[in-house]
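Engineer: no letters, just coordinates:
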Ligand SMILES: O=P(O)(O)O[C@H]1O[C@H](CO)[C@@H](O)[C@H]1O
């Protein structure tokens, strides 16, 4: 097997991108996309390959004997539509693992942005699931994303929080990045709270401000990439989901009111987020272009999660913590360059305000449904 490996914390290495977890002698290596950081699980036709991507049984097995012309490193490449990576039944299995393991059917799902893991630390009576121990779950590879799922209660509501999300630049296809949103749905989640760290492009934004997302510009979508690409399973949602009004207006209005009650109204904005592929930060020309398109904050996440959540009819609330101001003029000043250390430091400084905003909003949702 050619290599793209991630330490799994036990001192052993885990193949990144091989969601299938099969390592039973002949299959370990058949399905990972080691020819590239992206993955291709459409490879083994043997019976053991019934995990995620196992729905692809019948496709050519690409072990060395099966290699044909057009192969790379002796392995034939058969692209798999993203939606086939995690069939409904596999998502169901993961959801069962979590609901049975926690004894809960959470109503609210939270995705913690970079450095915002403390949103999960305030959950009461937490049941913690390390990603590595959840069947068919990817691993977190980015600093500031611990890699655990925390299930418990917050302000009386049942919640599940991802302390660590998956990003496209880690090498995961978008459908894999947002697969946990479908798991949340099958666990019973009705509301998705997606949070992120982002660079502020709107000149009115200051570092530490919070931008409530009311819309997005999907740059990866402009380039033809979508977590919904491939055959549609109507058990999740429709073939052509509409995305106008994706960001729940009532929740945005409630969050604005909460911001006022917290005395931070001047630090709260409503705006448009855009996700780029990363992992590089943007050039000045790209930032200027995004600003011209009406983008207020830029990051490398969230949009595909929101698309997946809206596809399965979840209510979405999302915000960006502005961790850095994006320069839109050329300058030699090093301190105007974005860096992940600064992103993490700002997120740490502002975690209290972010936690309070989330807690209070969850309290309102809970009281309204009680
Ligand atoms: O979007 P989250 O996960 O908060 O993280 C943001 O921070 C990282 C860059 O510093 C990127 O991963 C970007 O997307």
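Structural biologist: Ah, there it is. All of these numbers come straight from a predicted model, not from anything done at the bench. Numbers count the residues shown, from 1 in each chain.

Engineer: can you give me phi and psi for the closest residue to residue 117 other than its chain neighbours?
Structural biologist: If you skip the residues right next to it in sequence, residue 117 has residue 163 as its closest partner in space, 4.5 Å away by Cβ to Cβ, 6 or more residues apart in numbering. Where C-beta positions appear, they are placed from N, C-alpha and C, glycine not excepted. The phi and psi torsions at residue 163 (degrees, to the nearest 10) take the values phi -90, psi 80.

Engineer: and residue 163, what are its bridge partners?
Structural biologist: For residue 163, the beta-bridge partners are residue 148 (DSSP bridges).

Engineer: what residues are up against it?
Structural biologist: Residues in contact with residue 163 (Cβ atoms under 8 Å, 6 or more residues apart in numbering) are 112, 117, 120, 145-150.

Engineer: swap the cut-off to 10 Å and go again
Structural biologist: Residues in contact with residue 163, defined by Cβ atoms under 10 Å, 6 or more residues apart in numbering, are 110-112, 116-121, 123, 128, 130-131, 140, 144-150.

Engineer: the stretch 51-200 of the chain: helices as residue ranges?
Structural biologist: With DSSP state H, counting those that start in this stretch, the ranges of helices along the stretch 51-200 of the chain come out as 88-102, 118-121, 174-177, 179-187.

Engineer: dump those to a markdown table, plus mean pLDDT and mean neighbour count.
Structural biologist: A markdown table is the format used below for those (pLDDT from 0 to 100; neighbours: other Cβ atoms under 10 Å):
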| stretch | mean pLDDT | mean neighbour count |
| --- | --- | --- |
| helix 88-102 | 98 | 18 |
| helix 118-121 | 96 | 20 |
| helix 174-177 | 97 | 24 |
| helix 179-187 | 98 | 26 |
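
Engineer: just the buried positions in whatever helix or strand residue 272 lives in, please.
Structural biologist: Assignment of secondary structure by DSSP states H and E places residue 272 within strand 268-275. Buried residues in strand 268-275, defined by neighbour count with 16 or more other Cβ atoms under 10 Å: 268-275.

Engineer: now swap in stretch 354-363 and tell me
Structural biologist: Within stretch 354-363, the residues that qualify as buried are 354-362, counting by 16+ other Cβ under 10 Å.

Engineer: give me the beta-bridge partners of the nearest residue to residue 200 once chain neighbours are set aside?
Structural biologist: Nearest non-adjacent residue to residue 200, counting by Cβ to Cβ, 6+ apart: residue 322, 4.0 Å away. Residue 322 has the following beta-bridge partners by DSSP bridges: residue 198.

Engineer: tell me where the stretch 151-300 of the chain has strands.
Structural biologist: Under the criterion DSSP state E, counting those that start in this stretch, strands of the stretch 151-300 of the chain are mapped to 157-163, 191-200, 210-218, 268-275, 297-299.

Engineer: what about the helix or strand hosting residue 352 and the ligand, touching?
Structural biologist: In this structure, residue 352 is located in helix 351-369 according to DSSP H and E. No - legend: contact between helix 351-369 and the ligand by Cβ under 6 Å from any ligand atom is lacking; minimum distance shown is 11.1 Å.

Engineer: chain center to that helix: distance?
Structural biologist: Here helix 351-369 shows a centroid-to-chain-centroid distance of 21 Å under the convention Cα atoms, centre = their mean, to the nearest Å.

Engineer: what packs against that helix?
Structural biologist: When contacts are defined as 3 or more Cβ pairs under 10 Å, 6 or more residues apart in numbering; DSSP states H and E, helix 351-369 sits against strand 108-111, helix 118-121, strand 148-154, strand 157-163, strand 191-200, strand 210-218, helix 249-261, strand 315-325.

Engineer: and these as CSV, adding distance to residue 344?
Structural biologist: Rendered in CSV, the data for those read as follows (distance: least, Cβ to Cβ, whole Å):
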stretch, distance to residue 344
strand 108-111, 17
helix 118-121, 12
strand 148-154, 17
strand 157-163, 14
strand 191-200, 8
strand 210-218, 17
helix 249-261, 23
strand 315-325, 8
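
Engineer: nearest to the ligand, of these?
Structural biologist: Counting by Cβ to the nearest ligand atom, the ligand lies closest to strand 191-200 out of the helices and strands packed on helix 351-369; the figure is 3.5 Å.

Engineer: and the closest one, does that touch the ligand?
Structural biologist: Yes - contact between strand 191-200 and the ligand, assessed by Cβ under 6 Å from any ligand atom, occurs at 196-197.

Engineer: so which bits of that strand are buried?
Structural biologist: Within strand 191-200, the residues that qualify as buried by neighbour count (16+ other Cβ under 10 Å) are 191-200.

Engineer: interface residues of the stretch 101-250 of the chain facing the ligand?
Structural biologist: 113-114, 142, 165, 167, 196-197.
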